[in-house]
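Asks: how would this look folded up:
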Amino acid sequence: MPAAGGLDFAYHMVKPQMEALDRLMSELLAADTPCVDEMLRYAGHYSGKRLRPALIFVVADLCGSLQDELVQLGAVVELIHMATLVHDDVLDQAKIRRNADAVNIRWNNKDAILLGDIMFARAIRLLVDVGNRRALERLTEAVAIICEGEIHQNQLSGHADVSEETYFKIIRQKTASLYAASCELGALLAGAAEDVVGAFHDFGESLGMAFQIIDDCLDLSGDEDVVGKSLGSDITNGKMTLPLIHLLARVGGEDRERIRAIIEDRRAGPQDVEFIRDLLVAHGSIEHATKRAGEFIETSLGRLRGLLPASSFTVVEELAGFVLHRQL
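Replies: Prediction:
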């Protein structure tokens, strides 16, 4: 498993592109209608570290060429990501995002959904300017796949009998698909050979799988002040994530029946959340999930190891290490 990594070196590699992205996002998160302009600018804090566009830039740099249209492509990916977060907070009834009120709390659910739709529409419009047919196909496909994954997860809300296989399918759709497309397109637009493009697609997918697994672990064991968003929502919304699937397979008797009742009831209180958290620690469920996240990363790194020079491979290891060991 990669050691804890940081983003500083990778971001420094693509500093001009990240700065250009900041300027473009400021333009995109604005509107002539004052109330919409206020909402878009407020939602700008959802953007966070902008990891997905950074991946596009870093992969393109490692593959040899940073084209001008990559900044627009990075903005497309970031808008898609932000739109999904706005919609997710409505679906999850979340109250906090980036240590501030979620958009749906600051305003309301109806306008939050419409705001996310505006972001999706602007992302698709910007894709036209990128002028790459494969980018258009891959990213519009990714949006549909993300929505499929969310619907699949919502349909299983309140069902305790979810397998690891089903869980992995859902997170491959709702999270990993955008990571895979970002890394693939970064390599493609840099002119990389198809085997390298494919390897970076697989790396991005594995990175996205690991990211979501760690995210689900943080929802159960993280510090809300550090993570910066509402935690415990998976339990209260009856979502079976990897740590919970592992836990339910290892407990019996009254504990098992209580966990099932909490998930199926979908009205967990603070005491229910603490009860499950204590059992997760006792049964090593968080450690199990973290290990599985590392296994996804190791598989994809193995393929890149044979295609990249040592200096370039160090960069992707750092990115993987950050995802695996992040606390927010």
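
Asks: just for the stretch 1-150 of the chain, where's the confidence low?
Replies: Across the stretch 1-150 of the chain, the stretches falling below the confidence threshold (pLDDT under 70) are 1-5.

Asks: let me see the ranges of the strands in it.
Replies: 96-97, 100-101 (DSSP state E, counting those that start in this stretch).

Asks: tell me what the last one is packed against?
Replies: Just to be clear, that refers to strand 100-101. Here strand 100-101 touches no other helix or strand, going by 3 or more Cβ pairs under 8 Å, 6 or more residues apart in numbering; DSSP states H and E. C-beta: built from backbone N, CA, C; applies to glycine.

Asks: what does that strand contact?
Replies: For strand 100-101, the external contacting residues (Cβ atoms under 8 Å, 6 or more residues apart in numbering) are 45, 95, 106.

Asks: quick one: residues contacting the last one.
Replies: So the one you mean is residue 106. Neighbour list for residue 106: 42, 100 [criterion: Cβ under 8 Å, 6+ apart].

Asks: what of the one 5 residues further on?
Replies: Listed by Cβ under 8 Å, 6+ apart, the contact set of residue 111 reads 39, 103.

Asks: and it, how far is that from residue 117?
Replies: If you measure residue 111 against residue 117 using Cβ to Cβ, to the nearest Å, the figure is 10 Å.

Asks: who wins for proximity to residue 311 among the strands of the stretch 1-150 of the chain?
Replies: For those, the distance to residue 311 is smallest for strand 96-97, at 36.6 Å, taking Cβ to Cβ.

Asks: ok, back up a step: with respect to residue 272, which of the contacts of strand 100-101 is nearest?
Replies: Distance ranking of these against residue 272, using Cβ to Cβ, places residue 95 first at 17.8 Å.

Asks: in helices, which of the contacts of strand 100-101 appear?
Replies: Using DSSP state H, the members of the contacts of strand 100-101 that fall in helices are residue 106.

Asks: can you redo the contacts of strand 100-101 as CSV with distance to residue 218?
Replies: Supplementary listing: the contacts of strand 100-101 in CSV, determined by distance: Cβ to Cβ, whole Å:
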residue, distance to residue 218
45, 19
95, 16
106, 23
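
Asks: return the member of the contacts of strand 100-101 nearest to residue 174.
Replies: Scanning the contacts of strand 100-101 for proximity to residue 174, where the rule is Cβ to Cβ, the winner is residue 95, at 21.1 Å.

Asks: okay, the closest one and residue 102: tell me how far apart.
Replies: Distance from residue 95 to residue 102, counting by Cβ to Cβ: 6 Å.

Asks: quick one on the thing from earlier: of all the strands of the stretch 1-150 of the chain, which one is nearest residue 143?
Replies: With Cβ to Cβ as the measure, strand 96-97 is the member of those nearest residue 143 (20.3 Å).

Asks: what sits closest to residue 143 if chain neighbours are left out?
Replies: The spatial neighbour of residue 143 that comes closest, neighbours along the chain excluded (Cβ to Cβ, 6 or more residues apart in numbering), is residue 80 at 6.1 Å.

Asks: list the contacts for residue 289?
Replies: 213, 216, 217, 241, 242, 243, 246.

Asks: distance-wise, check it relative to residue 221.
Replies: To residue 221, residue 289 is 10 Å away according to Cβ to Cβ.

Asks: next, residue 107: phi, psi?
Replies: Reported as degrees, to the nearest 10, the phi and psi values for residue 107 are phi -120, psi -100.

Asks: can you check residue 31 too?
Replies: Per-residue torsions, residue 31: phi -150, psi 160 (degrees, to the nearest 10).

Asks: please name the nearest non-neighbouring residue to it.
Replies: Across the structure, with Cβ to Cβ, 6+ apart as the measure, the residue nearest residue 31 apart from its sequence neighbours is residue 37 (4.3 Å).

Asks: so the one you found touches residue 28, yeah?
Replies: No - under the contact definition of Cβ atoms under 8 Å, residue 37 does not touch residue 28, with a separation of 11.7 Å.

Asks: the more surrounded of the two?
Replies: More crowded of residue 37 and residue 28, by other Cβ atoms under 10 Å: residue 28, with 22 against 13.

Asks: how about the more buried one: what's its closest non-neighbour residue?
Replies: Nearest in space to residue 28, with sequence neighbours left out and distances taken as Cβ to Cβ, 6+ apart, is residue 122 at 5.7 Å.

Asks: wouldn't the one you found be in contact with residue 78 here?
Replies: No - using Cβ under 8 Å, residue 122 is not in contact with residue 78; the gap is 10.8 Å.
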